[in-house]
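Trainee: Below is the sequence, then the predicted model.
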Amino acid sequence: MLSDGSVKKFSADRDKELFLAAVCSLGSFGIILRVSLQCEAAFNLQLRQYSLGLQDVIEHLDVHIEGSDHFRFMWFPYTDGVVVCHSQRTEKPITKVSRLQKCYDWFWNYGIGYYTLEFFYYLSTYHPFLVPYINRIFYNLMYSTPVSKVDRSYKIFNFECLFKQYVNEWAIPKSKTGVVLWTLREWMLSSPDIYVHFPVEVRFVKGDNILISPAYGQDVCYINIIMYRPYGKTVPYKEYWRAYENIMAEANGRPHWAKAHNVKAETFRQIYPYFGKWCLIREMLDPINMFYNAYMARIFSMESQTT
């Protein structure tokens, strides 16, 4: 529903350009009343999770990406340790788990991996020098043992995000993954007064043609950083964020639309080739700026831009 109360239907078959703008409209075009999704049959995934070194993963990155349907990895700052996760579609049956195994898994995943971790990170807010030790201990304690299991796809894709946190995530050209990670690692090692939590999560997305999608026109690597807030306590993160965003911007990165960032309109005009066209479409669909707010003003500006 547009700002004048009219209802407009967007379809790739009828008006592809408007459709590709509306697919990522950030709520600024109007109110979405109905969406048609293309579904597919449910399927199982086989997860293989194991540890490697950061250099090994980066040197063989294409092999990993092409080696399964879905690949991501988590790097643990203050170590060279990486947990790689390969997920492959399979006809194999779901792995059976006994009650005893479920209790064992809960103890490690929640008793240790959630509640104990939260307590230790809370202690580190008073004694920050503990953070590197916490990262190393939990990498070895929780992630050094290989995991292999089969389950429904949604259960494999979902993972525990733990307790409250600050996050920042950008997409960069896939080819720059190694350079960015080494640069980020170098910054961490050269900033002894700044302590960062684990993990740095890295995942990969195929390019698309959605006008302001972070993956527009190129295959991308998403790199997500995190700082936990144990028991809701505020932790220092702004210097980490500033350094990370500078590194990502230097690599022609694009911020994740659903996460906080400091990028403004002039930068978006540089990193999205059809950003001006998207702004014109937005103004055409909402000429009275009913769906415009302070956030939209910062990232899009009121000025029309041509392509």
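Mentor: Sure thing, it's come through.
Trainee: Do a quick rundown of the helices in this protein.
Mentor: Applying DSSP state H to the chain gives helices spanning 16-22, 54-59, 61-66, 99-106, 117-124, 131-142, 153-157, 177-189, 238-250, 265-271, 275-285, 294-300.
Trainee: of those, which approaches F76 most closely?
Mentor: Across these, F76 has its closest neighbour in helix 131-142 (4.3 Å, C-beta to C-beta). Glycine gets a C-beta too; all of them are placed from N, C-alpha and C.
Trainee: Could you give me the buried positions within the helix or strand bottoming out on mean pLDDT in the chain?
Mentor: Lowest by mean pLDDT, DSSP states H and E among the helices and strands of the chain is helix 294-300, with a mean of 82. By 16 or more other C-beta atoms under 10 Å, the buried positions in helix 294-300 come out as M296, I299, F300.
Trainee: what sits up against it?
Mentor: By C-beta atoms under 8 Å, 6 or more residues apart in numbering, the surrounding residues in contact with helix 294-300 are L26, S28, V263, K264, A265, F268, C279, R282.
Trainee: Check stretch 18-31 too.
Mentor: Contacting residues not belonging to stretch 18-31 are listed as 1-3, 8, 10-12, 209-213, 257, 277-278, 281-282, 285-286, 291-292, 296, 300 [C-beta under 8 Å, 6+ apart].
Trainee: ok, back up a step: just among the contacts of helix 294-300, which is most surrounded?
Mentor: C279 (25 neighbours; other C-beta atoms under 10 Å).
Trainee: And the pLDDT for it?
Mentor: pLDDT for C279: 88.
Trainee: Then N262?
Mentor: 86.
Trainee: Quick one: neighbours of the residue lying closest to it once chain neighbours are set aside, just the number.
Mentor: Nearest non-adjacent residue to N262, counting by C-beta to C-beta, 6 or more residues apart in numbering: E245, 6.2 Å away. Counted by other C-beta under 10 Å, the residues lying close to E245 total 18.
Trainee: Repeat that for K102.
Mentor: Neighbour tally, K102, other C-beta under 10 Å: 10.
Trainee: separation between it and Y110?
Mentor: From K102 across to Y110, the span is 11 Å (C-beta to C-beta, to the nearest Å).
Trainee: Same question for K96.
Mentor: When K96 is compared with Y110 (using C-beta to C-beta), they lie 21 Å apart.
Trainee: Of these two, which one has the most company?
Mentor: Y110 (14 against 8).
Trainee: Dig out what Y216 forms beta bridges with.
Mentor: Beta-bridge partners recorded for Y216 (DSSP bridges): D208.
Trainee: which residues touch L141?
Mentor: Listed by C-beta under 8 Å, 6+ apart, the contact set of L141 reads I112.
Trainee: do you know how far it is from G111?
Mentor: Computed with C-beta to C-beta, the distance linking L141 and G111 is 12 Å.
Trainee: same check, this time on R282
Mentor: Taking C-beta to C-beta, one finds R282 at 49 Å from G111.
Trainee: Check Y244 too.
Mentor: 31 Å.
Trainee: which stretches of the chain have low pLDDT?
Mentor: 302-307 (pLDDT under 70).
Trainee: ok, 80 please
Mentor: 300-307 (pLDDT under 80).
Trainee: picking up where we left off before, list just the nearest of the buried residues of helix 294-300 to L47.
Mentor: Taking the buried residues of helix 294-300 together and measuring to L47 by C-beta to C-beta, the closest member is I299, at 36.4 Å.
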